[in-house]
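1. pasting a predicted model and its sequence here:
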Amino acid sequence: MNTTSTRAATFRGLHDHRSRPLVLVNVWDATSARLVEDAGATAIATTSAGVAWSLGRPDGNTLTRVEAMHAVARIAASVSVPVTVDIESGYADDADGVARTVDAVLEAGAVGINIEDGRLHPEALADRIGAARRAAERAGVPLFVNARTDVHLAGLVDPERLLVETLERARRYRGAGADGVFVPGVRDVETIRALVESIDGPVNVMAGPGSPTVAELARLGVARISLGSAVAQAAYAVVRQATAELRTTGTYDSLVAGVDYAGLNALF
């Protein structure tokens with residue numbers, strides 16, 4: 001039976017990276033999710049930015065819990081593989097609110113979360129991670145909690161302290177109940193190697209143009225690789241390109257690579 005607990009256990013097992021890292025293409029709606037699943041993905045992650053943009057909002061904790069979970073429910077219902085959700089800082093004002101968000105995540109059918117520090121004090125995120133873990137335990141679901149620290153991505157400390165601060169936060173978040181640690185904003189091999197060697201748990205990096213390849217990241221011991229908002233950005237670039245082309249040259253070359261109409265219909 002494909003219960004929430006079963007999907008959660010399956011997703012947790014995908015982080016055993018001794019053979020190959022878990023690669024995640026981040027989606028923002030049911031159609032992007034189905035396309036990713038149809039291409040052979042073993043799991044699906046959401047992008048908070050992509051979801052927000054699709055609803056006419058900027059990224060950055062602007063969505064309400066209800067708005068975000070409606071999107072998650074549509075995504076989870078459209079696929080059979082496990083879904084993990086970017087809940088930003090928790091769609092809540094405090095740790096108790098994060099527990100309610102986790103209840104909603106599980107009700108929507110997802111089995112993992114990313115939760116980030118950003119502008120939060122590390123202790124505040126640790127409290128939120130603990131609340132998320134306890135909520136999942138009450139529900140009897142082995143939710144995978146991926147703690148994201150924005151130390152590198154947002155340059156939260158002086159450059160010479162980036163690695164030390166990241167590792168300090170990683171230890172704090174793991175101690176609070178996080179299963180893995182997500183460090184977006186790192187691309188150089190030596191920093192990634194140091195993170196993998198020093199963090200006790202699966203390490204997730206965000207990849208894209210200019211990043212080491214999946215094979216290179218695998219050799220470094222990275223357990224999880226995701227693309228963040230990049231796929232949504234690329235999709236929206238086609239909209240801009242098609243509009244510019246139509247208004248200038250009056251041609252249609254930017255549409256040649258579009259997914260077949262019948263093929264899209266057949267996904268549902």
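-> Received it, and whenever you're ready, just let me know what you need.
2. the closest residue in space to Leu156 that isn't next to it in sequence: neighbour count?
-> Excluding the flanking residues, the one nearest Leu156 by C-beta to C-beta, 6 or more residues apart in numbering is Asp150, at 6.3 Å. Every C-beta, even on glycine, is put in place using the N, C-alpha and C of the backbone. Per other C-beta atoms under 10 Å, the neighbour tally for Asp150 reads 19.
3. surely Asp150 meets Glu165?
-> No. Judged on C-beta atoms under 8 Å, Asp150 makes no contact with Glu165 at a distance of 10.7 Å.
4. so what sits against both of the two?
-> Leu156 (C-beta atoms under 8 Å, 6 or more residues apart in numbering).
5. the nearest residue to Ala77 once chain neighbours are set aside: how many residues sit nearby?
-> Nearest non-adjacent residue to Ala77, counting by C-beta to C-beta, 6+ apart: Gly109, 6.4 Å away. Counted with other C-beta under 10 Å, the neighbours of Gly109 add up to 19.
6. quick one, what contacts Gly109?
-> Counting by C-beta under 8 Å, 6+ apart, Gly109 touches Thr4, Val72, Ala73, Ala76, Ala77, Val83.
7. got it, and Ala43?
-> Contacts of Ala43 by C-beta under 8 Å, 6+ apart are Phe11, Leu14, Leu22, Leu24, Val81, Pro82, Val83, Thr84.
8. sketch out the low-pLDDT regions of the stretch 151-268 of the chain for me.
-> Judged against pLDDT under 70, the stretch 151-268 of the chain has no low-scoring part.
9. which stretches in it count as strands?
-> Using DSSP state E, counting those that start in this stretch, the strands found in the stretch 151-268 of the chain span residues 180-182, 203-206, 224-226.
10. so what secondary structure elements neighbour the second one?
-> Read that as strand 203-206. strand 180-182, helix 189-198, strand 224-226 (3 or more C-beta pairs under 8 Å, 6 or more residues apart in numbering; DSSP states H and E).
11. closest to Ile113 out of those?
-> strand 180-182 (10.7 Å; C-beta to C-beta).
12. which elements pack onto the closest one?
-> strand 144-148, helix 162-176, strand 203-206, strand 224-226.
13. I'd like these as CSV, with mean neighbour count and distance to Thr46 appended.
-> Converted to CSV, the helices and strands packed on strand 180-182 look like this (neighbours: other C-beta atoms under 10 Å; distance: least, C-beta to C-beta, whole Å):
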stretch, mean neighbour count, distance to Thr46
strand 144-148, 26, 12
helix 162-176, 19, 20
strand 203-206, 25, 14
strand 224-226, 24, 10
